[in-house]
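Q: With the sequence up front, the predicted model follows.
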Amino acid sequence: MALDVRSVRAAYPALRDGYAYLDGAAGTQVPEPVIEAIAAAYRAGIGNVGGAFPASERSDAIVADARRAVADLVGGDPRGVVLGPNMTTLTYRFAAALARTWRPGDEIVVSRLDHDANVRPWTQAAERAGATVRWAEVDLPSGELPAEQYDALLGERTRLVAVTAASNVLGTMPDVAAITKRAHEAGALTYVDGVHATPHTPVDVAALGADFYATSAYKWSGPHVGAVVAAPDLLETVRPDKLASSSDAVPARFETGTAAFADLAGVSAAVDHLAGLDPEATGDRRQRLLASMASVERHEQAGLARLLDGLVAQPRVRLLGGPRRRTATVYFTVQGHTPRQVAEHLAARKINVWNGHNYAWEVTAALGIRDHGGAVRAGLVHYNDRSDVDRLIAAVAELR
């Protein structure tokens, strides 16, 4: 069914300030149930895990609940959900651990489409190991990442393929399943950056062929927590650096230091909130998430169509990329104005957008804009409505 956007928006206190929050690609606002879950964890009292007293037991339960919630969101196994402060930190951790087995002459494949957090950890680890980096290129101006090119990039020495499920600037959603199928046929592991995809579409890590799937809760109405999801048996084969005194069990061996337990309570609440976006969805939480996220995708795609029509009609606006399948994300420039000037103009009209390269380091270089201010990024999430879209179109039209 169609989302009741008015009801959805009512759950988000931040939206009452009159701004159009079109900056969701950099982080979403947080609904009341998430705020309350975090506050409730602190009010109840929490301690470090593994203790013999109730506050510690509450933290144990919070961590277990968060693992189950993330697993339900992406179709994983709770025993394979690694939690951490953010996707970038976790990816560096996995890159360092996986690269311990790489040898000179081994190869990894990264893509120019990806956020730098799914590029630099791998290329830097490869450099230290003496492994070769091979690049999948973006087709321009479409912004597509052709899967067919991987036939020439993969070989018997390929150890890992890192690829995004959605570009955080162009919105491109590559055929990840086709890419990972090729990687697996070559005997390589796959690491899929799902940070930008997860808020916009139903996710099934098995269908994607992701050996490792990374996501960030703050992109889907949760707190600043990251997660990497993998099969527990696969995690057993990976040996990260860790304290001698810390647990060697999976997934805890990947989680350094003390977790932000109250924030993890917010992760579970955020997943519950997403599962309830479609009030007609039934079944267990996983089933309700699939139905709700399908409704989210339909809602966002309708808004995207309206936004694209409104921007294309303006001759001074240049849209970057035009992939066949994309999230509700647009990246554009306005002739005669720097991206920062456009963002400042929109901010003066209470419209939040981002400007710059947005950490899409490689693709913005390929587009020739990285060193010239990048472009303007606006993105829709489930709480954005038609008025947000129309405000943006009208405000851009004011620029002369």
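A: Alright, I've got the coordinates.
Q: wait, is residue 388 part of a helix?
A: Yes: counting by DSSP: H, G, I helix; E, B strand; the rest coil, residue 388 is located in a helix.
Q: Neighbours of it, how many?
A: 24 (other C-beta atoms under 10 Å). For glycine as for every other residue, the C-beta is placed from the backbone atoms N, C-alpha and C.
Q: how near is it to residue 378?
A: 9 Å (C-beta to C-beta, to the nearest Å).
Q: quick one: the helices in the chain?
A: For the chain, applying DSSP state H gives helices covering 5-10, 32-44, 54-74, 87-98, 120-129, 150-153, 176-185, 205-208, 232-236, 261-275, 285-312, 339-348, 361-366, 386-397.
Q: Need the overlap of contacts for residue 388 and residue 378.
A: Here residue 388 and residue 378 share the contacting residues residue 22, scored by C-beta atoms under 8 Å, 6 or more residues apart in numbering.
Q: I'd like the average pLDDT over stretch 351-369.
A: Mean pLDDT, computed over stretch 351-369, is 98.
Q: can I have it written out in CSV, keeping just the CAs?
A: Extracted C-alpha coordinates of stretch 351-369, given in CSV (Å, rounded to 0.1, in the frame of the first residue of the first chain):
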residue,chain,number,x,y,z
ILE,A,351,15.8,23.2,2.5
ASN,A,352,18.7,21.0,3.6
VAL,A,353,21.0,19.5,0.9
TRP,A,354,24.6,18.6,0.7
ASN,A,355,27.3,19.9,-1.7
GLY,A,356,30.8,18.6,-2.5
HIS,A,357,32.1,15.2,-3.4
ASN,A,358,30.3,13.5,-0.5
TYR,A,359,33.2,11.0,-0.2
ALA,A,360,32.4,9.6,-3.6
TRP,A,361,36.1,10.3,-4.4
GLU,A,362,36.6,8.2,-7.5
VAL,A,363,33.4,8.9,-9.4
THR,A,364,33.5,12.6,-8.8
ALA,A,365,37.0,12.6,-10.2
ALA,A,366,35.8,10.7,-13.2
LEU,A,367,33.1,13.2,-13.7
GLY,A,368,35.7,16.0,-13.6
ILE,A,369,34.0,17.8,-10.7
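Q: Count the residues that sit near the residue nearest to residue 220 when sequence neighbours are not counted.
A: Distances taken as C-beta to C-beta, 6 or more residues apart in numbering place residue 199 nearest to residue 220, at 4.3 Å, with adjacent residues excluded. Residues near residue 199, counting by other C-beta under 10 Å, number 30.
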